[in-house]
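1. fold the stuff below for me.
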Amino acid sequence: MNLRIKNKKISSFSFFICVFLLFFLISSFTSCRLYMLKQKLPPGDKEFLSKVRYIITSKERKIFLELPDEEREEFKKEFWKRRDPDPTTEVNEFKREYFNRMERANQLFLSEGRPGWQTDRGRIYILFGPPTNRITNPVGGNTYSRCREVWYYGNFPVVFVDRMCTGDYELVTYDLSSLRSLNLRYMHELNLAQAASQQTIRRGEKQLFDFNWKIKKIKVTQEKIEGRVFIEVPYANLWFKEKNSSLVTVLDLHLKLRNSQEEIIWEYTDLYKVKVDEENLKQKKDQDYKIEVPFILEEDLDKLREGENKFFVTLKNRTGGKAQKKVIPFKVKERLKSERKG
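-> Numbering: from 1, shown residues only. Model prediction:
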């Protein structure tokens with residue numbers, strides 16, 4: 001009896017470890033993929049992503065990296081438009097203030113061997129503006145206490161320390177107390193303030209329309225390539241309309257594969273009707289609506305093997321009128337090793 005209970009505990013623990021490792025591998029794969037997409041960005045897009053690093057959300061960053069090149073300029077316009085406090089005026093006050101603070105940070109923080117806006121002091125200055133009180137190099141105390149700055153936003157302190165007294169300041173927890181609980185609470189409050197500065201969605205407004213997708217090659221031969229496109233859309237991102245006591249919407253899907261010469265090799269279009277009731281939607285709020293599209297390629301395979309091909313997807317939520325476009329590289333090896341042996 002005791003042995004059975006023990007085995008159950010071991011089995012549960014093993015299951016937990018497997019789930020954790022699977023989550024870690026998926027997260028690592030996603031991070032690696034996004035990193036590779038970032039490396040391939042044109043210089044102008046890299047510069048944009050760098051300059052908005054303090055205010056862009058993780059979801060916005062993911063969407064930006066997965067967009068086709070020609071769609072990113074529109075994303076940039078929408079990015080600033082979402083942050084415009086008064087769309088009725090010609091000037092976007094938020095954007096103007098953001099870049100004004102960036103320029104001012106470059107003027108104020110010159111001693112760290114990089115642009116002032118990229119330093120810790122520059123980041124806080126851009127996010128929160130000039131402090132109500134700034135104390136630099138406090139008089140008295142040891143060398144460590146002298147090589148620091150304390151900024152106050154009202155009664156809220158932000159502490160920067162130059163550990164080697166060389167002019168390189170980093171943000172730290174305030175050292176007014178050695179109690180770990182106070183330090184943790186301070187960093188928690190600072191993180192909340194920074195998160196609030198990144199907020200781009202007004203209360204009651206739907207989240208950004210986004211989805212995850214991947215391409216899986218099932219079979220590759222000299223004459224044919226078989227695969228599947230997998231698309232997952234969070235139910236929380238969908239707009240629905242009420243019809244006959246149900247919530248319904250339609251998703252328009254358009255897929256196409258282009259070779260390295262920009263020729264369309266394969267194309268697919270279809271619509272998907274999504275229908276749930278209110279109670280069912282609550283249960284699915286953390287789940288995805290899944291689409292699976294098989295494809296078979298039998299023509300122009302030589303062209304697909306010549307260079308980097310691209311799969312494009314456009315998914316539109318009819319009810320909300322929101323559409324999202326994405327692109328993913330699609331490489332084809334000549335033949336499987338086992339086939340070459342034959």
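
2. ok, which stretches of the stretch 51-200 of the chain are strands?
-> Remark: strands assigned in the stretch 51-200 of the chain by DSSP state E, counting those that start in this stretch are 133-136, 148-153, 156-161, 170-172.

3. nearest to T269, of the ones you listed?
-> Ranking those by distance to T269, with C-beta to C-beta as the measure, places strand 170-172 first at 50.4 Å. (C-beta placed from N, C-alpha, C; glycine too.)

4. mind giving me the packing neighbours of that closest one?
-> Packing contacts for strand 170-172, counted by 3 or more C-beta pairs under 8 Å, 6 or more residues apart in numbering; DSSP states H and E, involve helix 120-128, strand 156-161.

5. pairing partners for it, with directions?
-> Using DSSP bridges, the strands paired with strand 170-172 are strand 156-161 (antiparallel).

6. output the strand it pairs with as CSV, restricted to C-alpha atoms.
-> C-alpha atoms of strand 156-161 as CSV (Å, rounded to 0.1, in the frame of the first residue of the first chain):
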residue,chain,number,x,y,z
PHE,A,156,9.2,57.7,-4.0
PRO,A,157,13.0,57.3,-4.2
VAL,A,158,14.9,55.8,-7.1
VAL,A,159,18.5,55.0,-6.4
PHE,A,160,21.5,54.7,-8.8
VAL,A,161,24.9,53.5,-7.7
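
7. and it, what's buried?
-> Buried residues in strand 156-161, counted by 16 or more other C-beta atoms under 10 Å: 157-161.

8. circling back to that earlier point, going by mean pLDDT, which of the helices and strands packed on strand 170-172 comes out lowest?
-> Note on these: lowest mean pLDDT is at strand 156-161, with a mean of 86.

9. how far does that strand sit from the chain's center?
-> For strand 156-161, the separation from the chain centroid amounts to 29 Å (computed by C-alpha atoms, centre = their mean, to the nearest Å).

10. still on that earlier bit, can I get the helices and strands packed on strand 170-172 in a markdown table with distance to F209?
-> Listed next are the helices and strands packed on strand 170-172 as a markdown table, based on distance: least, C-beta to C-beta, whole Å:
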| stretch | distance to F209 |
| --- | --- |
| helix 120-128 | 27 |
| strand 156-161 | 36 |
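
11. quick one: which of those is nearest N92?
-> helix 120-128 (15.9 Å).

12. how does the protein divide into domains?
-> Segmentation of the chain into domains, based on automatic domain parsing, reads 24-82, 93-198, 212-341.

13. and those domains, which one averages the lowest pLDDT?
-> With a mean of 77, domain 93-198 has the lowest mean pLDDT of those.

14. of all the strands of the stretch 51-200 of the chain, which one comes closest to F64?
-> F64 sits nearest to strand 170-172 of all those, at 26.2 Å, using C-beta to C-beta.

15. tell me which element L34 falls in.
-> Counting by DSSP states H and E, the element that carries L34 is helix 2-39.

16. ok, back up a step: and the helices and strands packed on strand 170-172: which comes nearest N137?
-> Proximity to N137 (C-beta to C-beta) singles out strand 156-161 among the helices and strands packed on strand 170-172, at 11.3 Å.

17. okay, angle between that closest one and helix 120-128 too, please.
-> Interaxial angle of strand 156-161 relative to helix 120-128 (axes from the mean of the first three to the mean of the last three C-alpha atoms, to 10 degrees): 160 degrees.
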